[in-house]
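> Sequence and computational prediction follow.
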Amino acid sequence: MRNLSKLTFQFLMPAAMILAVAGEAGAQDDMTARIALGDIASVETLNLLIALEHAKERGVDIELTAFKSEDIANQAVVNGQADIGVGVPYPVIQKVDAPIRMFYRLSELRFFPVVDKKYESWEDLDGEEIAVHSRGSGTEAAANIMADKHGITYKNISYVPGSEVRALALLNDSVDATFLDIANTDFVMAKAPGEFHLLPMGDLEGTDEALFARTDWLDENQETVQILIEELLKVTRAINEDPGYVAAERERLGLLADLPEDLAAEIQPYFEQAVEAQLFPQNGGSAEGVKADFDFYTAAGQLEGSPEELKVEDFWYLEPLEKAQAAVGG
Amino acid sequence: MADRTAASRRGLSEEVAGAGGHQIVERVPSDRQWLWRLISFAVVFGGWEIAGRIPVSPSFPTFSATIVALGEMLLDGTLAGAYAETVQPLILGMLLCSVMAVLFGVGMGLSRTVEWFSLPIFIILQAAPMAALIPLITFLYGIGLTAKVVAVMLMSAPIIVLNSYKGIRNTSPSLLDMSRSFMATRRQQIVKIILPSASGLIFAGLRLGVAAGVTGVVLAELLITPTGVGDLITYYRSVAEYPHMFASILSIIIFSSVAVTLLQRAETALFRPET
């Protein structure tokens, strides 16, 4: 018995201490962030890339991986192969109770309903066909919300994934009304001047893209999260003040170095339009903004239940954002 | 033959006893075949259930949840509606492809010129990663039904062509010698010796072609435009209804297996009633 106690003291105690220290070390903020993008880095992600570079300068080791789709990037975060994802994983949080929370609103929902000039208003689309991204997508929800608002019924909603594909379909006359992103709206307007125009969307608020991470990672890496959010806030405010900031910072930091010249020339106009459309939220989100999300994503079929009964804290972790807002000021 | 009859009487599996008494595998009574098949399914589905219950990932559903979702989708007509859309390009593609690919394969088997002209193309097509090429189809054929039919044909044609070609080339030389000694014309050789001899491999090619065609249509529905069962997978994934998403995928496996089995039965009933 005495031998057993001795054995415990000599071997098991140090082993337990090593394990405890190792566990502690594992839980500490190691100042690294593996970020999963749902698409390749492009002109439209430059705001995020600049903020990540700034975070690197403050000592955060960033590893950026581009996945084929947002769903796959989400799964990488849920399963622990990545730390931070970009998207709006409301259904994954609600339906499979995935231990992830959103913590920063990267961009606002903005829809650009590009239609043939023969349709002067939403009312003219009554009994006509409209193309959207896919079933259950934000564009479908926006189409349905506008139909309800204007008391119209579409003849058919067709599903054409990819803004660039829908832009080509507009130019080929395969569709006469659809939703595009900023870049493709410009492309269509430039290719066929005077043939298409934008219909008004009114005040539709919500998150288009947010940063999210697992709750345990958020708890263990508070300093990393803090630095990331602070840099995102600073970059967003700089862009909102001067859209030319992006092109200049890209040049300085050497980001997207292999971007062809014609695409590099689109940086300035893209960010000018994005700022004009108030795409980048000045404060990175708020509880009120999340409630607007509940309305929109319930209408889109991504969230279930009554929007009034959904709780902000079940989907978002706003504490680090509030701290960062206080640190950055404004 | 005597061996087979005796074996059947003893309730032994055909595959074992059919090889003229040369046994490669041990004899198993036919009633036990079912037992082993059931055990095989139980192991796979049991493993799936356990993996879902651990869970290996919050997004990975259990087998039981997937089966419940499959039942729901069958009862409310979701699957029937989706497959009604999916089978259109599949049937069109397979009809066009079966006729053309078998003719091409037979032509390659019978003529050196056709063989030299086309064999490299089909070998390259078979080796090429078709899933990577499917998005390129949209550049040529857009995003409609034609693109999906082409995807089905691209996936299944090389298999059918190469099997038909091999079937013709593997005709027994002694049978051909026999036909020549009986003064058979070239036409009689083809119709009475070569084609019947090759039919086994041609039908095997068609079965594999159907399985590849199903892969082609599903890839097209996932990568080109979401319709039919591809739309179900995309939609359920986007709204995180993972049991339904896995049920849609499971339904494709069941659909493909049933289609291949039915084709085998049809082949036996129509062309080999004696077996």
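The structure has been received and is ready for your questions. Numbers count the residues shown, from 1 in each chain, chains lettered A, B, ... in the order given.
> Around residue 54, count how many other residues there are.
With no chain named, the answer covers chain A. 19 (other CB atoms under 10 Å in any protein chain shown). Every residue, glycine included, has its C-beta placed from N, CA and C.
> That was the other one, I meant chain B.
Neighbours of residue B:54 using other CB under 10 Å come to 9.
> gap between it and residue B:48?
For residue B:54, the distance to residue B:48 equals 11 Å [CB to CB, to the nearest Å].
> For the residue of the stretch 51-200 of chain A found nearest chain B, which residues are in contact?
Closest residue of the stretch 51-200 of chain A to chain B, CB to the nearest CB: residue A:91 (3.6 Å). For residue A:91, the contact set (CB atoms under 8 Å, 6 or more residues apart in numbering or on different chains) comprises A:302-303, B:238-241.
> tell me the contacts of the spatially most central residue of chain B?
The geometric centre of chain B, computed from its C-alpha atoms, lies nearest to residue B:211 (CA atoms, centre = their mean), at 2.8 Å. Contact analysis of residue B:211 by CB under 8 Å, 6+ apart lists B:256, B:259-260.
> Going by neighbour count, list what's buried in the helix or strand where it lies.
Element membership for residue B:211, per DSSP states H and E: helix B:195-223. Neighbour-count burial for helix B:195-223 flags B:195, B:197-198, B:201-223 (criterion: 16 or more other CB atoms under 10 Å in any protein chain shown).
> Equivalent analysis for stretch B:163-179, please.
So for stretch B:163-179, counting by 16+ other CB under 10 Å, buried means B:163-168, B:171, B:179.
> between the contacts of residue B:211, which is nearest chain A?
Among the contacts of residue B:211, and counting by CB to the nearest CB, the member closest to chain A is residue B:256, at 23.7 Å.
> Would you confirm that the closest one contacts residue B:216?
No - the criterion here is CB atoms under 8 Å, and residue B:256 misses it with residue B:216 at 11.2 Å.
> Out of the contacts of residue A:91, flag the one nearest to residue A:293.
residue A:303 (8.3 Å; CB to CB).
> Dihedrals phi and psi, the closest one?
Note on residue A:303: its backbone torsions stand at phi -110, psi 150 [degrees, to the nearest 10].
> Just give the nearest non-adjacent residue to it, would you?
Spatial nearest neighbour of residue A:303, excluding adjacent residues (CB to CB, 6 or more residues apart in numbering or on different chains): residue A:297 at 4.4 Å.
> what about that neighbour, how many residues close to it?
24.
> how distant is stretch A:171-189 from the center of its chain?
For stretch A:171-189, the separation from the chain centroid amounts to 22 Å (computed by CA atoms, centre = their mean, to the nearest Å).
> Only the C-alpha atoms, please, for it, written as CSV.
Only the C-alpha atoms of stretch A:171-189 are listed here, as CSV (Å, rounded to 0.1, in the frame of the first residue of the first chain):
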residue,chain,number,x,y,z
LEU,A,171,-27.4,39.6,-71.8
ASN,A,172,-28.5,36.5,-73.9
ASP,A,173,-32.1,37.4,-73.3
SER,A,174,-32.6,34.0,-71.5
VAL,A,175,-34.0,36.0,-68.5
ASP,A,176,-35.4,39.5,-68.3
ALA,A,177,-35.4,40.0,-64.5
THR,A,178,-32.9,38.9,-61.9
PHE,A,179,-30.7,39.8,-58.9
LEU,A,180,-27.0,40.5,-59.4
ASP,A,181,-24.1,41.5,-57.3
ILE,A,182,-22.4,44.9,-57.7
ALA,A,183,-19.7,43.7,-60.0
ASN,A,184,-22.1,41.9,-62.4
THR,A,185,-24.5,44.8,-62.3
ASP,A,186,-21.7,47.0,-63.6
PHE,A,187,-20.8,44.4,-66.2
VAL,A,188,-24.3,44.1,-67.5
MET,A,189,-24.8,47.9,-67.6
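> Any buried residues in it, and which?
Within stretch A:171-189, judged by 16+ other CB under 10 Å, the buried ones are A:174-189.
> Also stretch A:121-141?
Buried residues in stretch A:121-141 (16+ other CB under 10 Å): A:122, A:124-125, A:128, A:130-141.
> Now do the strands in chain B.
With strands called from DSSP state E, chain B shows none.
> Can you give me the domain boundaries for chain B?
B:2-60, B:71-271 (automatic domain parsing).
> Quick check: end-to-end length of the longest one?
In other words, domain B:71-271. 36 Å (CA to CA, to the nearest Å).
> quick one, longest helix in chain B?
For chain B, the helix reaching the highest residue count under DSSP state H is reported as helix B:78-110.
> So what's the model's average confidence on it?
Across helix B:78-110, the average pLDDT comes to 94.
> and residue 236, how many neighbours?
No chain specified, so I'll use chain A. 26.
> actually chain B
24.
> can you pull the contacts of it?
B:242, B:244-245, B:248.
> can you do 10 Å?
A:91, A:135-136, B:69, B:73, B:78, B:242-249 (CB atoms under 10 Å, 6 or more residues apart in numbering or on different chains).
> Just the buried subset of the residues you listed, please.
Buried among the contacts of residue B:236 by 16+ other CB under 10 Å: A:91, A:135-136, B:69, B:73, B:78, B:242-248.
> My guess is residue A:213 contacts residue A:87. True?
No - Residue A:213 is not in contact with residue A:87 according to CB atoms under 10 Å; the separation is 11.7 Å.
> Mind pulling the model confidence for the nearest residue to residue B:66 once chain neighbours are set aside?
For residue B:66, ignoring the flanking residues on the chain, the nearest one in space by CB to CB, 6+ apart is residue B:246 at 4.6 Å. Confidence at residue B:246, expressed as pLDDT, is 97.
> got it, and residue B:130?
Taking residue B:130 on its own, its pLDDT is 80.
> Now for it, how many residues are close by?
The number of residues near residue B:130, taken as other CB under 10 Å, comes to 19.
> Enumerate every residue touching it.
B:137, B:151, B:154-156, B:158, B:212, B:215-216, B:219.
> I'd like the distance between it and residue B:251.
The value you get for residue B:130 to residue B:251, if CB to CB is used, is 22 Å.
> The residue nearest the centre of chain A in helix, strand or coil?
The centroid of chain A falls nearest to residue A:209 when counting by CA atoms, centre = their mean (1.7 Å). Three-state assignment for residue A:209 (DSSP: H, G, I helix; E, B strand; the rest coil): strand.
> Also residue A:297?
helix.
> contacting residues for it?
A:88, A:90-91, A:94, A:109, A:138, A:141, A:206-207, A:303-304, A:307, A:310, A:315.
> Show me how to select, in PyMOL, the buried members of these.
To isolate the buried members of those in PyMOL, using 16+ other CB under 10 Å:
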select buried, chain A and resi 88+90+91+94+109+138+141+206+207+303+310+315
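> any chance of the contacts of residue B:130 in TSV, plus distance to chain A?
Formatted as TSV, the contacts of residue B:130 follow (distance: CB to the nearest CB, whole Å):
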residue	distance to chain A
B:137	13
B:151	16
B:154	20
B:155	20
B:156	25
B:158	26
B:212	23
B:215	18
B:216	19
B:219	14
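> list the contacts for the residue of the stretch 151-275 of chain B found nearest chain A?
In the stretch 151-275 of chain B, the residue that lies nearest chain A is residue B:240 (3.6 Å; CB to the nearest CB). Counting by CB under 10 Å, 6+ apart, residue B:240 touches A:71, A:74, A:89-96, A:98, A:302, B:58-59.
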